[in-house]
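K.L.:
With the sequence up front, the predicted model follows.
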Amino acid sequence: MSSANGKTPEHHELTDEELRKIVAEADTGGRKPTGFTAGLLLVIALCWSLFQLWVASPLPFSLGFLVFNATEIRAIHLAFAVFLAFMAYPAFKGSPRDYVPVLDWLLAFVAAFCAAYLFIFYKELSARPGLPTTMDLTVAVVGLTLLLEAARRSLGLPIVILAIVFLVYIFFGPYMPDLIAHRGASLSRGMSHLWITGEGVFGVALGVSAGFIFLFVLFGALLETAGAGNYFIKSAIALLGHLRGGPAKAAVVASASTGLISGSSIANVVTTGTFTIPLIKKVGYRPDKAAAVEVASSVNGQLMPPVMGAAAFLMVEYVGIPYIEVLKHAIVPALISYIALFYIVHLEAMKADLQGLPRRDPLILRSVVANTVMTFSGLIILAAIIYWGFGWVKTVAGDASFYIVSATMFAAYIGIVAYSARYPELQMEDPKEPMEYLPEIAPTLKSGIHFLLPVAVLIWNLMVERLSPALSAFWATMFLIFIIVTQRPLFALFRKSGDYAAGISQGLADLFNGLVTGARNMIAIGIATAAAGIIVGTVTLTGIGLVMTEIVELVSGGNLMIMLIMVAVICLILGMGLPTTANYIVVSSLMAPVVVELGAQSGLLVPLIAVHLFVFYFGLMADVTPPVGLASYAAAGIARSDPIRTGFTAFGYSARTAILPFMFIFNTQLLLIGIDNTFQLILTIVTATIASMAFAAATQGWFVTRNKAIEVVLLLLVTFSLFRPSFWMDMVADPYDDVPLSEFTSVVESKPANANLRIWIEGMSLEGRDISKGVLLPLGDTAESARDRLNAIGLNVMVLGDQVQIMSVRFGSRAARLGLEQGFQITGLELPTEDRPAKEWIYIPALALLALVWFMQHTRVKRYGHQRK
């Protein structure tokens, strides 16, 4: 029972030290040794960060010195991760925290040797592929065992149990039930596949961790160390704290901002939650609701590009599209999910008639609007200058553009710091001290604008220079390192405080701490990607993916919606207890092919990225679900609420995220696919936002006032119609017309850039299975001929009248990822019906229905007042 003031004394409020311990045990390791061991851990973590910066930079190739290939980088990456895992993560709850036992020293060195084995003996292993020696197998067995132990310490038992289940499946295939039985593998074949080749532990997932993820996690850690996290939190509070339920709205915005640079929902909860949750409670939110707002917004940070809990980089490899395309497809669902959560917070404030926090001086609306508009318009102008204004530099200056842009960014940095120095340095208040008044808007917003410059460099490299994600993150990180070292001396110069030496010293200390923190944040991710490689290796070795398809098809009876719901539930179950990265690897390896295959058989042809985002969203929902979610536990500790109740409340708030995957599977325009013009883009974003808010109003039981049952039904109908207008329009006219296959070549040539082509294929696969399904063929850029355009995606066909034969499919190409094989026949070709009314006409009656609900409730409020009970 809660007391009169809303507190729950029976629930312990976690101290700062306990919160740091939760984050450490989940992200960086809970052990804090002293003396020589502490120094060694710091040095090794620092060396790991420096190694990753070195291999990402152009220097090795320029100097011809210390050049490593992809396999060697993965081996060294995992060696660092397992060594630090045994040193930083205690074996058991009762294990010592202040020193490293001798056994852990031994395990750390042996595990690091086994991981680095591919690097140390790379030439020997390359000379005898597929012929493992006794030494190879011994290292593989020991290495795999120690990897699972490192995973148990750093990630918990669920992923270990899952990996063991799959290992058992590899070696005991003949003894499995008939439905999932296979011929099994010998110890030599299984261990070699998982450890010595690039198909298992050292596969794509670990490669992405070593090549992309580390640099972005390091970038986020350095940005946090520089003070950007504090800046985001204080800016959100300053701007939104005065609104109804203002601190809760600020928590949503602050967590979204922090999610841009953070890959950890738990760290996001603790970083922003220690400050926002007490403020949310102060304005009247129930403790579990205050904690749930922070949990829902922090976990949603995993959906926010550019990091997306490291899943974005894995999607690049698994889907086979550029990184910038992944970000484009993911941004709208992430934004409307956050807007809906912001609206939920507003509805909760309306239901309880909550107010915001006061300001020291009365707000002059004109001043607030001017400051806000100036700040955000400045950011928009900065982004426009980066994208368009600097775009011509590369064309005009060629190779010299790098130096011109660098000089421009340096000058901008000096100018912005000089401008920001006019305002006091931001200080993070003690969350236990009550905030009587909100921070002032203008000084807060203007005091940390320079933190946005490294993000601008990242955007420039990705969108204008079109560099790889790794190289983009490298240059952005180098600029951020420069800022960390120089910002304090520059502020001292412009503020005329004169303490330059202390500023330089503190900057170097911040840099050291950021490099170490970035490496320690990567321990669990490195282990997770390696351990998840066991599941991926099992799929490639045994063909369990095909079995999963058959099982889901059998249970669902071929019904499309039942199949999607089943996949969603399986993703939720698999995601429980797994960190975001491992979670995505597992669910995408097992469940994404199921959705693609069964959807294609049912006529649901969707781009592969939509399927991967579908399984990613539902795997991520498990982070909120009780009783596993550590984010809920941490937030409940801050709010002094029941963790289970907090988890269920947060899950309720996250329901608006759960419907999005179903919507963008059927309406891929939500992923910015198939949008032809700016008007259509704006219309898609606006209607999707309104739909998400209508769903929030329906599920929260409040719109203008408390909903009646019929109004809930109407709001849900509006939601469905705005999210999926084609459902109703398909009842009026068929969406596609069959086209003669004799026109195949001309259709391929005439399609616009990055268009998709609906085709139907038949044939027998290499495994001897009869295949009959639809495929959404991505055509990429335009080309002079259909042959060139198809070759670009790895496909070669022969057209003979009304017959189209697939002659060859390039290994690893986009066509191969779609399941196309040599010898298949293309049996059907479909194009959108030309005279069919645009599905957007459905928006008019849907919005009219929404207006009707608003009018009904508004009339009721005028007559009877708000019905809060």
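P.N.:
Great, that's in hand. Numbers count the residues shown, from 1 in each chain.
K.L.:
Make sure residue 546 is actually in contact with residue 768.
P.N.:
No. Residue 546 is not in contact with residue 768 according to C-beta atoms under 8 Å; the separation is 11.2 Å. Every residue, glycine included, has its C-beta placed from N, CA and C.
K.L.:
between these two, who's got more neighbours?
P.N.:
The neighbour comparison of residue 546 against residue 768 (other C-beta atoms under 10 Å) goes to residue 546, with 16 against 6.
K.L.:
mind listing what that one touches?
P.N.:
Listed by C-beta atoms under 8 Å, 6 or more residues apart in numbering, the contact partners of residue 546 are 593, 767, 769.
K.L.:
One more: residue 650?
P.N.:
Neighbour list for residue 650: 291-292, 295-296, 299, 624, 629, 631-632, 635 [criterion: C-beta under 8 Å, 6+ apart].
K.L.:
so which one among those residues has the lowest pLDDT?
P.N.:
Among the contacts of residue 650, residue 629 has the lowest pLDDT, at 65.
K.L.:
returning to what we had before: so which of the contacts of residue 650 comes closest to residue 56?
P.N.:
Among those, residue 299 lies closest to residue 56 (C-beta to C-beta), at 28.8 Å.
K.L.:
does that closest one sit in a helix or strand, and which one?
P.N.:
Element membership for residue 299, per DSSP states H and E: helix 287-300.
K.L.:
helices or strands up against that helix?
P.N.:
In terms of contacts (3 or more C-beta pairs under 8 Å, 6 or more residues apart in numbering; DSSP states H and E), helix 287-300 is packed against helix 246-259, helix 265-282, helix 323-352, helix 630-639, helix 643-653.
K.L.:
Does residue 312 touch residue 329 like I think?
P.N.:
No. Using C-beta under 8 Å, residue 312 makes no contact with residue 329, being 9.9 Å away.
K.L.:
buried stuff in stretch 120-137?
P.N.:
If you call a residue buried by 16 or more other C-beta atoms under 10 Å, then stretch 120-137 has these buried ones: 121, 125, 132, 136-137.
K.L.:
Kindly reformat the residues you listed as TSV and extend each row with distance to residue 248 and pLDDT.
P.N.:
Supplementary listing: these in TSV, determined by distance: C-beta to C-beta, whole Å; pLDDT from 0 to 100:
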residue	distance to residue 248	pLDDT
121	56	90
125	56	85
132	57	84
136	56	89
137	56	92
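K.L.:
one step back: so which of the contacts of residue 546 wins on neighbours?
P.N.:
Most neighbours among the contacts of residue 546, by other C-beta under 10 Å: residue 593, with 20 neighbours.
K.L.:
how close does it sit to residue 599?
P.N.:
From residue 593 across to residue 599, the span is 10 Å (C-beta to C-beta, to the nearest Å).
K.L.:
Repeat that for residue 152.
P.N.:
Computed with C-beta to C-beta, the distance linking residue 152 and residue 599 is 36 Å.
K.L.:
and if you look at residue 564?
P.N.:
Per C-beta to C-beta, residue 564 is found 8 Å from residue 599.
K.L.:
Need the residues touching each of these two.
P.N.:
Common neighbours of residue 564 and residue 599 (C-beta under 8 Å, 6+ apart) are residue 665.
K.L.:
Spatially nearest residue to residue 477, not counting backbone neighbours?
P.N.:
Nearest residue to residue 477, sequence neighbours excluded (C-beta to C-beta, 6 or more residues apart in numbering): residue 219, at 5.0 Å.
K.L.:
Which element, helix or strand, includes that neighbour?
P.N.:
If you go by DSSP H and E, residue 219 is part of helix 214-226.
K.L.:
Could you list every helix and strand in contact with that helix?
P.N.:
Applying 3+ C-beta pairs under 8 Å, 6+ apart, one finds that helix 214-226 makes contact with helix 35-56, helix 452-459, helix 469-495, helix 500-542.
K.L.:
Out of those, flag the one nearest residue 109.
P.N.:
Closest to residue 109 of the helices and strands packed on helix 214-226, according to C-beta to C-beta: helix 35-56, at 11.8 Å.
K.L.:
chain center to that closest one: distance?
P.N.:
Here the centre of helix 35-56 is set off from its chain's centre by 26 Å, with C-alpha atoms, centre = their mean, to the nearest Å.
K.L.:
go on, stretch 502-509?
P.N.:
Centroid separation for stretch 502-509 versus its chain: 33 Å, with C-alpha atoms, centre = their mean.
K.L.:
Over to stretch 805-813?
P.N.:
In terms of C-alpha atoms, centre = their mean, the centre of stretch 805-813 is set 31 Å apart from its chain centre.
K.L.:
What are the buried residues along it?
P.N.:
Quick answer for stretch 805-813 (16+ other C-beta under 10 Å): 806, 808-809, 813.
K.L.:
Residue 805 belongs to a strand?
P.N.:
Yes. Using DSSP: H, G, I helix; E, B strand; the rest coil, the assignment for residue 805 is a strand.
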